[in-house]
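A.B. asks: no FASTA, just this:
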(Lines give C-alpha, C1' and ligand atoms only; values in the text may rest on other atoms or scores of the structure.)
Protein backbone atom coordinates (compact mmCIF):
# COMPACT_ATOMS: atom_id res chain seq x y z
CA UNK A 1 0.00 0.00 0.00
CA UNK A 2 1.37 3.38 -1.02
CA UNK A 3 1.72 5.65 1.96
CA UNK A 4 3.21 9.11 2.21
CA UNK A 5 3.84 10.73 5.56
CA UNK A 6 4.58 14.42 5.99
CA UNK A 7 6.24 15.78 9.10
CA UNK A 8 8.03 18.87 10.32
CA UNK A 9 5.18 21.31 10.54
CA UNK A 10 4.57 23.55 13.51
CA UNK A 11 4.24 27.09 14.79
CA UNK A 12 6.92 29.55 13.78
CA UNK A 13 7.31 33.30 13.94
CA UNK A 14 7.43 35.41 10.79
CA UNK A 15 10.90 35.27 9.32
CA UNK A 16 11.54 31.85 10.78
CA UNK A 17 12.26 28.53 9.10
CA UNK A 18 10.89 25.02 8.99
CA UNK A 19 11.88 21.90 7.12
CA UNK A 20 9.12 19.58 6.02
CA UNK A 21 9.74 15.94 5.22
CA UNK A 22 7.82 13.59 3.00
CA UNK A 23 8.65 9.95 3.63
CA UNK A 24 7.34 6.85 1.94
CA UNK A 25 6.85 3.26 2.87
CA UNK A 26 6.35 0.29 0.58
CA UNK A 27 7.57 2.11 -2.53
CA UNK A 28 10.53 4.11 -3.81
CA UNK A 29 10.03 7.86 -3.96
CA UNK A 30 12.90 8.22 -6.39
CA UNK A 31 10.79 6.78 -9.19
CA UNK A 32 8.28 9.64 -8.95
CA UNK A 33 8.06 13.36 -9.24
CA UNK A 34 7.11 14.71 -5.82
CA UNK A 35 5.03 17.80 -5.42
CA UNK A 36 4.36 19.90 -2.36
CA UNK A 37 0.98 21.57 -2.10
CA UNK A 38 -0.69 23.66 0.54
CA UNK A 39 -4.21 24.52 1.49
CA UNK A 40 -5.23 27.40 3.70
CA UNK A 41 -8.69 27.56 5.29
CA UNK A 42 -11.31 28.54 2.74
CA UNK A 43 -8.86 28.42 -0.16
CA UNK A 44 -8.07 26.03 -2.98
CA UNK A 45 -5.18 23.64 -2.66
CA UNK A 46 -2.25 25.18 -4.51
CA UNK A 47 1.05 23.90 -5.79
CA UNK A 48 4.14 25.09 -3.98
CA UNK A 49 7.02 23.14 -5.45
CA UNK A 50 7.93 19.99 -7.33
CA UNK A 51 11.04 17.92 -7.94
CA UNK A 52 11.31 15.60 -10.91
CA UNK A 53 12.42 11.99 -10.75
CA UNK A 54 14.58 12.01 -13.85
CA UNK A 55 17.09 14.80 -13.45
CA UNK A 56 16.06 16.43 -10.18
CA UNK A 57 14.69 19.52 -11.86
CA UNK A 58 12.86 21.74 -9.42
CA UNK A 59 9.91 24.07 -9.79
CA UNK A 60 8.47 26.70 -7.48
CA UNK A 61 5.41 28.84 -7.24
CA UNK A 62 6.21 32.53 -7.62
CA UNK A 63 5.04 33.15 -4.08
CA UNK A 64 7.79 30.97 -2.60
CA UNK A 65 10.67 31.41 -5.05
CA UNK A 66 13.86 32.35 -3.31
CA UNK A 67 12.50 31.30 0.08
CA UNK A 68 11.68 27.59 -0.28
CA UNK A 69 13.95 24.81 -1.47
CA UNK A 70 12.87 21.31 -2.43
CA UNK A 71 15.32 18.41 -2.35
CA UNK A 72 15.34 14.66 -2.20
CA UNK A 73 17.47 12.09 -0.44
CA UNK A 74 16.92 8.82 -2.26
CA UNK A 75 18.98 6.88 0.28
CA UNK A 76 16.49 7.93 2.96
CA UNK A 77 13.52 7.70 0.59
CA UNK A 78 12.55 11.19 1.65
CA UNK A 79 11.79 14.52 0.01
CA UNK A 80 12.28 17.77 1.90
CA UNK A 81 10.88 21.26 1.67
CA UNK A 82 13.11 23.80 3.37
CA UNK A 83 11.08 26.91 4.10
CA UNK A 84 12.87 30.10 5.06
CA UNK A 85 11.73 33.68 5.62
CA UNK A 86 8.27 32.42 6.42
CA UNK A 87 5.34 34.80 6.21
CA UNK A 88 1.88 34.65 7.79
CA UNK A 89 0.44 33.98 4.34
CA UNK A 90 2.41 30.71 4.24
CA UNK A 91 0.11 29.36 6.93
CA UNK A 92 -1.61 26.24 5.59
CA UNK A 93 -1.71 22.48 5.70
CA UNK A 94 1.13 21.21 3.53
CA UNK A 95 0.81 18.00 1.54
CA UNK A 96 3.20 15.96 -0.56
CA UNK A 97 2.03 13.91 -3.51
CA UNK A 98 3.39 11.70 -6.28
CA UNK A 99 3.09 11.98 -10.05
CA UNK A 100 4.95 10.56 -13.05
CA UNK A 101 6.11 14.08 -13.90
CA UNK A 102 5.95 17.49 -12.30
CA UNK A 103 2.57 18.97 -13.18
CA UNK A 104 0.83 22.21 -12.32
CA UNK A 105 -2.56 20.63 -11.72
CA UNK A 106 -3.11 18.79 -8.46
CA UNK A 107 -5.39 16.37 -10.32
CA UNK A 108 -2.32 14.85 -12.01
CA UNK A 109 -1.02 13.61 -8.67
CA UNK A 110 -1.91 10.11 -7.60
CA UNK A 111 -1.00 9.53 -3.97
CA UNK A 112 -1.19 12.05 -1.17
CA UNK A 113 -0.06 12.25 2.39
CA UNK A 114 -2.28 13.31 5.27
CA UNK A 115 -0.73 16.77 5.54
CA UNK A 116 1.18 18.71 8.17
CA UNK A 117 0.09 22.04 9.61
CA UNK A 118 2.34 25.06 9.24
CA UNK A 119 1.36 28.18 11.18
CA UNK A 120 3.32 31.39 10.86
CA UNK A 121 2.34 33.83 13.55
CA UNK A 122 3.83 36.12 16.16
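C.D. replies: Yes, it's here. For clarity, every value in this text was computed on a predicted model and none was experimentally measured.

A.B. asks: how near is residue 117 to residue 93?
C.D. replies: Taking C-beta to C-beta, to the nearest Å as the measure, residue 117 falls 5 Å from residue 93. All C-beta spots, glycine's among them, are computed from the backbone N, C-alpha and C.

A.B. asks: Find the residues that touch each one of those two.
C.D. replies: The contact sets of residue 117 and residue 93 overlap at residue 9 (C-beta atoms under 8 Å, 6 or more residues apart in numbering).

A.B. asks: Tell me which of the two has more neighbours.
C.D. replies: Shown here are residue 117 and residue 93; by other C-beta atoms under 10 Å, residue 93 has more neighbours (18 against 12).

A.B. asks: Just want the most central residue of this protein.
C.D. replies: Nearest to the geometric centre of the chain sits residue 36, at 2.6 Å (C-alpha atoms, centre = their mean).

A.B. asks: ok now do the residue nearest to residue 67 when sequence neighbours are not counted, which residues does it touch?
C.D. replies: Distances taken as C-beta to C-beta, 6 or more residues apart in numbering put residue 85 closest to residue 67, at 4.6 Å, once the chain neighbours are dropped. Residues near residue 85 by C-beta under 8 Å, 6+ apart: 15, 17, 67.

A.B. asks: now those in JSON lines, with distance to residue 55?
C.D. replies: Formatted as JSON lines, the contacts of residue 85 follow (distance: C-beta to C-beta, whole Å):
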{"residue": "15", "distance to residue 55": "33"}
{"residue": "17", "distance to residue 55": "27"}
{"residue": "67", "distance to residue 55": "23"}
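
A.B. asks: Scan those residues and report the most crowded one.
C.D. replies: The residue in the contacts of residue 85 with the most neighbours, by other C-beta under 10 Å, is residue 67 (15 neighbours).

A.B. asks: which residues touch the residue sitting furthest away from the middle of the chain?
C.D. replies: What lies farthest from the middle of the chain is residue 122; by C-alpha atoms, centre = their mean that is 23.2 Å. Neighbouring residues of residue 122 by C-beta under 8 Å, 6+ apart: 13, 14.
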